[in-house]
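>>> Here is my input, please return the structure:
(one chain, ligands or ions: 1)
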Amino acid sequence: MPDSRAIVILTGAGISAESGLATFRGPGGLWEGHRVEDVCTPEALARDPALVHRFYDLRRAALAGVAPNAAHEALARLERSWPGDVLLVTQNVDDLHERAGSQAVLHMHGALRSALCAACGERLRWDGPLPPGSVCPACAGPALRPDIVFFGEIPYEMDRIEQALSRASLFVSIGTSGAVYPAAGFVRMARACGAGTLELNLEPSAGSGWFDECRHGPASQLVPAWVDALLAG
Ligand code: BJW
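Have a look, this model is predicted:
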């Protein structure tokens with residue numbers, strides 16, 4: 001049974017594009033210079049840990065030079081002002097939602113500023129480079145890796161996300177191509193449970209046809225306008 005004021009928002013790389021972080025697919029995308037199978041699978045990590053760790057070290061370092069944009073800020077304002085639950089589920093591994101002030105944020109694909117122990121599963125805050133073989137403070141194993149969900153691994157927080165989708169009255173997808181599951185399937189889950197659905201993206205995504213409404217343009221314009229209208233009632 002949907003809660004008439006519960007909102008679930010899914011964000012992807014497009015929301016951080018105007019902050020200067022590259023998206024994944026398309027021209028100038030993050031993976032144009034890297035083959036996805038070279039950097040984004042557990043097999044690639046096992047084959048060439050130095051390459052994978054360096055890729056994420058560079059992206060972690062890049063966070064210092066970027067800031068949240070108007071879209072991140074508008075979502076933080078929505079969370080502060082909306083009289084019901086607002087859950088932000090992000091596929092992004094940057095920390096721009098938190099830096100904008102959002103508090104209810106689930107990073108389903110992991111986080112750049114986090115390390116994961118492949119031996120004991122400990123997750124810990126990590127800034128700076130993470131060389132292969134870094135030692136886990138919990139189990140002393142030399143097994144720390146970037147805390148990133150690779151293809152073939154199970155995304156974080158799926159139970160909480162599915163529960164929130166099942167009671168949301170509105171599901172909004174922002175800045176994602178709809179190319180990667182399970183996130184690409186959230187719109188169908190939310191619809192099946194009775195939520196209204198809205199896409200805000202630069203262009204139609206792979207899943208546009210599943211949404212009740214789609215608005216296309218840059219997130220820094222679409223998201224503040226949508227939040228203003230929602231809060232105005
Ligand atoms: C703007 C804009 C602006 C630009 N304003 N918009 C066959 C069929 C179906 C599924 C599978 C299959 N074979 C394998 C699978 C599963 C697989 C999968 O989906 N593969 C696909 C390739 C088909 N998925 C998995 O393996 C996942 N795990 C899994 O399924 O486990 C099983 C399981 C699930 C649930 C319960 C139990 C078991 C894991 C997926 C991990 C994805 N990891 C990555 C890397 C993270 C680390 C990193 O950052 O390096 O996550 S892949 C990459 O894609 C990254 C992103 O989070 C993710 C999504 O990309 P995103 O955010 O959509 O970015 P783009 O670039 O694709 O799109 C940007 C959009 O923004 C575009 O549309 C632009 O137009 C737009 N845009 N500027 C607004 N200014």
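>>> drop to CA atoms for contacts and neighbour counts, all remaining ones
Noted.
>>> how about the residues of the protein near the ligand?
Within reach of the ligand by Cα under 6 Å from any ligand atom, the chain has these residues: 12-15, 17-18, 23-25, 91-93, 109, 148-155, 175-182, 201-203, 205, 218-219.
>>> For this protein, which segments count as helices?
Taking DSSP state H, the helices of the chain run over residues 14-17, 36-39, 42-47, 49-62, 70-81, 96-100, 158-167, 186-192, 219-232.
>>> which secondary element of the protein has the worst mean pLDDT?
Least confident helix or strand of the chain, by mean pLDDT, DSSP states H and E, is helix 36-39 with a mean of 75.
>>> Buried ones in that one, by neighbour count?
Buried residues in helix 36-39, counted by 16 or more other Cα atoms under 10 Å: 38, 39.
>>> Let me know which of the helices of the chain is the nearest to residue 138.
Residue 138 lies closest, by Cα to Cα, to one member of the helices of the chain: helix 49-62, at 20.4 Å.
>>> Show the secondary-structure elements that the closest one is packed against.
Judged by 3 or more Cα pairs under 8 Å, 6 or more residues apart in numbering; DSSP states H and E, helix 49-62 is in contact with helix 36-39, helix 42-47, strand 110-117, strand 144-148.
>>> Any chance of JSON lines for the helices of the chain, columns distance to residue 144?
Shown next, in JSON lines, are the helices of the chain (distance: least, Cα to Cα, whole Å):
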{"stretch": "helix 14-17", "distance to residue 144": "27"}
{"stretch": "helix 36-39", "distance to residue 144": "16"}
{"stretch": "helix 42-47", "distance to residue 144": "12"}
{"stretch": "helix 49-62", "distance to residue 144": "10"}
{"stretch": "helix 70-81", "distance to residue 144": "30"}
{"stretch": "helix 96-100", "distance to residue 144": "24"}
{"stretch": "helix 158-167", "distance to residue 144": "23"}
{"stretch": "helix 186-192", "distance to residue 144": "31"}
{"stretch": "helix 219-232", "distance to residue 144": "35"}
